[in-house]
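Visitor: Just a sequence and a predicted model for now, questions to come.
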Amino acid sequence: MTNATFPQVRIVPIRMLKPETAERLLNMLAGTAGIRRMMIHGPGLPRLVPYGPARGSPNPHSDRKAIRVADAEIALRVQVGTVVLEVEDTSTIEEIRSLCDDFFVEFPYLLQEGRFMKSAPTLVDYAKYGPDADRSLVGLTDPRSGEKPVFIRPDQ
């Protein structure tokens, strides 16, 4: 195991993405070589109303759907606001920028470079997955979620 740090980018659309738009974007990115890890981020879409007078009742929301990315079925638990990517090298970033320039024609987006995912195991990672956790899970842990992340692996 090496301690290499990989470049990371964040795609920030100027508005939240609908499930259909997010599905098209994620499928486009999933077909790009050189992406190591991908994470979507945004406000949660709970199944039940979490607080207030309607607490515990069903929370109907049109954006809580299942989308298909590559060969995986993903139930959206968040409204897609940002997409964070960890890539093999900086040449992949330019390819992602080119793809996003073609994709985001109806509204603008930002492509930011920096550190957006943790690269070393945290206490939450240790508590949820143990000392011998898969390194690809580091920094992607939601301590409140009982569900595991979805893995999309390109055919080898």
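Guide: Cool, got the structure. Residues are numbered from 1 along each chain as shown.
Visitor: just for this structure, where's the confidence low?
Guide: By pLDDT under 70, the weakly predicted segments of the chain are 1-4, 139-143, 146, 148-149, 151-156.
Visitor: Just say helix, strand or coil for the residue of the chain most remote from its centre.
Guide: For the chain, the C-alpha farthest from the mean C-alpha position belongs to residue 53; by C-alpha atoms, centre = their mean, that distance is 32.0 Å. Assigned by DSSP: H, G, I helix; E, B strand; the rest coil, the conformation of residue 53 is coil.
Visitor: Please report how far it lies from residue 60.
Guide: 16 Å (C-beta to C-beta, to the nearest Å). C-beta coordinates here come from the backbone N, C-alpha and C atoms, glycine included.
Visitor: same check, this time on residue 92
Guide: Separation of residue 92 from residue 60 (C-beta to C-beta): 39 Å.
Visitor: Which of these two has more residues huddled nearby?
Guide: Remark: of residue 92 and residue 60, residue 92 carries more neighbours, 20 against 8, as counted by other C-beta atoms under 10 Å.
Visitor: tell me which element that one falls in.
Guide: helix 90-103 (DSSP states H and E).
Visitor: Packing partners of that helix?
Guide: Helix 90-103 is packed against strand 8-13, helix 19-30, strand 82-87, strand 109-114, with contacts defined by 3 or more C-beta pairs under 8 Å, 6 or more residues apart in numbering; DSSP states H and E.
Visitor: Just the CA atoms of the longest one, as PDB, please.
Guide: Provided in PDB are the C-alpha atoms of helix 19-30 (Å, rounded to 0.1, in the frame of the first residue of the first chain):
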ATOM      1  CA  PRO A  19     -32.500  12.400 -11.200                       C
ATOM      2  CA  GLU A  20     -32.600  12.000 -15.000                       C
ATOM      3  CA  THR A  21     -29.900  14.700 -15.400                       C
ATOM      4  CA  ALA A  22     -27.700  13.200 -12.600                       C
ATOM      5  CA  GLU A  23     -28.100   9.700 -14.300                       C
ATOM      6  CA  ARG A  24     -26.800  11.000 -17.600                       C
ATOM      7  CA  LEU A  25     -23.900  12.900 -15.900                       C
ATOM      8  CA  LEU A  26     -22.900   9.900 -13.800                       C
ATOM      9  CA  ASN A  27     -23.000   7.500 -16.800                       C
ATOM     10  CA  MET A  28     -20.900   9.900 -18.800                       C
ATOM     11  CA  LEU A  29     -18.300  10.000 -15.900                       C
ATOM     12  CA  ALA A  30     -18.500   6.300 -15.300                       C
END
